[in-house]
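model the following, please.
(one chain, ligands or ions: 2)
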Amino acid sequence: FDAIHGFRETEKSRWSEASRAILQRVQAAAFSPGQTLLSSVHVLDLEPRGYIKPHVDSIKFCGATIAGLSLLSPSVMRLVHTREPGEWLELLLEPGSLYILRGAARYDFSHEILRDEESFFGGRRVPRGRRISVICRSLPEGMGPGEPGQAPPAC
Ligand SMILES: O=C(O)CCC(=O)C(=O)O
Ligand SMILES: [Fe+2]
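Ligands and ions are numbered 1, 2, ... in the order given. Coordinates of the predicted model:
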């Protein structure tokens, strides 16, 4: 998985009580009660020059829903339809905002985080600083939390 440049990351399954309360709000907003989440949460720390190239998260390791909480620097996420590249949209990810990728946004569009030089939202420049994202994913259907096939560091 070489889509991400200028980053470090970790998988975290133990959180403080305050963080757990926030993660519970994220999970209540993004996932349905029937969905099983990956047992650990993915934390990605992008340096100011770091960026994420277009990709669709692996359907082998990641289920129907991806929810990402953005912290520190604002950034621009671009979604591009995998078969109709003229069909695209951009999201301004403000610090403290949550995006949810599911349905077509999950499976039919690639997602990317623009590098600083390309970081514009509707003509407005969005200068990139260090950005941390906290990403929750559902498990692929039919995969229980204890079963083999845990996600690699980046899904
Ligand atoms: O940092 C983000 O919000 C997205 C990360 C991402 O696309 C991934 O790890 O697959
Ligand atoms: Fe992704």
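
what does this structure have sitting close to ligand 1?
44, 52, 57, 68, 111, 113, 133, 135, 154-155 (C-beta under 6 Å from any ligand atom). For the C-beta atoms, the positions are set from N, CA and C on the backbone; glycine is no exception.

neighbour-wise, which of those leads?
Neighbours here mean other C-beta atoms under 10 Å. Within those, the largest count is held by Ile113, at 27 neighbours.

contacting residues for that one?
For Ile113, the contacting residues are 46, 51-52, 75-77, 93, 131, by C-beta atoms under 8 Å, 6 or more residues apart in numbering.

quick check: phi and psi at the spatially closest residue to it that is not a sequence neighbour.
Spatial nearest neighbour of Ile113, chain neighbours left out: Ile52 (4.1 Å); criterion: C-beta to C-beta, 6 or more residues apart in numbering. Dihedral pair for Ile52: phi -130, psi 120, per degrees, to the nearest 10.

run a quick neighbour tally on the closest residue to Ser97 other than its chain neighbours.
Leaving aside its chain neighbours, Ser97 sits nearest to Ser70 (5.5 Å; criterion: C-beta to C-beta, 6+ apart). Residues lying near Ser70 (other C-beta under 10 Å) number 24.
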